[in-house]
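Participant: need the 3D shape of this:
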Amino acid sequence: MALTERERFFRAMRYESADRRPLHLVGIWNDTLDRWHREGLPASVTDVHAHLGLTPLTTANITPAAGPFPRFEERVLREEGDKRYSLDSYGRTVVDFKSHTSMPEWVDFPVKSPEDLRRYMDEHFDVDTLDARFPADWDKRIERAGQGGHLIMMDGGCYYWTLRSIAGVDGASYLFYDAPELVDELFDRYFTVVMEGLRRGCARATVDVIGFGEDIGFKTGPLISPAMFREFILPRYRATMDFARKAGVPCTWYDSDGDIRQLIPD
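Facilitator: Prediction:
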């Protein structure tokens, strides 16, 4: 009997044998698919997984609102030729091309100073309103997730991601140095949100994966020093994973981008 992609995933994570390793495509851009068709993929192919003999591995993220809350209302600010300037959910000004798909360019951030960070935390990381972060249909979403053969995952913390998202790489770097106590408070608030989500989620569902998404690496190394990583982020990871192991969560994954070899020993 053929294994499911979910079963292949767990066998791979446990270093066990399988009929094949899980291999699947994630988030193919429409522009990418159009190019593949121009370069020889038959025009009749709409299901690339089936064409390549692959099986999709679907995930269901049951994390409540874990980032800035309430989020900013996304809206278009202006258009200039082929560029569209928009306000995104973090409060950043981003530029996208109208004619093709690409990563957005972030050109302005809501946090430019320690005072801005204090205001942003008070407005969007209020830990006294945690109940509001859980949608009214959360239990129904969890029920549906458990019925579809998905990997059920929850957020383990996106600390550097969050600071960089609201202040930019340069701004985040200065804040670590100029206002470490505020960065620590932001991360404490984020940790409170994450742990409340995990406590409620693991009580309602069999969570398969704890996911960390940091984009903390550049092409030549991490974007913060190992010392800063150990001081500001690692203790929160450890506390999260201690809870996850006690709750029976078997797996974790980490989205880093770039070269993070200096952080791997930690």
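
Participant: when you work out contacts or count neighbours from here on, use the C-alpha atoms and nothing else.
Facilitator: Fine.

Participant: SS state for residue 86?
Facilitator: Secondary structure, DSSP: H, G, I helix; E, B strand; the rest coil: residue 86 is strand.

Participant: ranges for the strands of the chain?
Facilitator: 59-61, 75-80, 83-87, 93-97, 105-108, 151-155, 209-213, 217-218, 221-222, 251-255 (DSSP state E).

Participant: who touches stretch 34-47?
Facilitator: residue 51 (C-alpha atoms under 8 Å, 6 or more residues apart in numbering).

Participant: stretch 91-99 too?
Facilitator: Contacts of stretch 91-99 (C-alpha under 8 Å, 6+ apart): 71-72, 82-88, 102-110, 165-166.

Participant: just how off-centre is that stretch within its chain?
Facilitator: Relative to the chain's own centre, stretch 91-99 is displaced by 19 Å; criterion: C-alpha atoms, centre = their mean, to the nearest Å.

Participant: which parts of it are buried?
Facilitator: 91, 92, 93, 94, 95, 96, 97 (16 or more other C-alpha atoms under 10 Å).

Participant: how about those in JSON lines, adding pLDDT and distance to residue 213?
Facilitator: Below are these laid out as JSON lines (pLDDT from 0 to 100; distance: C-alpha to C-alpha, whole Å):
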{"residue": "91", "pLDDT": "98", "distance to residue 213": "19"}
{"residue": "92", "pLDDT": "98", "distance to residue 213": "19"}
{"residue": "93", "pLDDT": "98", "distance to residue 213": "21"}
{"residue": "94", "pLDDT": "97", "distance to residue 213": "20"}
{"residue": "95", "pLDDT": "97", "distance to residue 213": "22"}
{"residue": "96", "pLDDT": "96", "distance to residue 213": "22"}
{"residue": "97", "pLDDT": "94", "distance to residue 213": "25"}
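
Participant: so how far is residue 236 from residue 1?
Facilitator: 42 Å (C-alpha to C-alpha, to the nearest Å).

Participant: mind listing what the most centrally placed residue in the chain touches?
Facilitator: Nearest to the geometric centre of the chain sits residue 213, at 4.1 Å (C-alpha atoms, centre = their mean). Contacts for residue 213 (C-alpha under 8 Å, 6+ apart) come out as 157, 158, 161, 254, 255, 256.

Participant: wait, the first one touches residue 239, no?
Facilitator: Read that as residue 157. No - using C-alpha atoms under 8 Å, residue 157 is not in contact with residue 239, being 10.9 Å away.

Participant: related to what we said a few turns ago, which among the buried residues of stretch 91-99 gets closest to residue 140?
Facilitator: Within the buried residues of stretch 91-99, the smallest distance to residue 140 is 29.8 Å, found for residue 91 (C-alpha to C-alpha).
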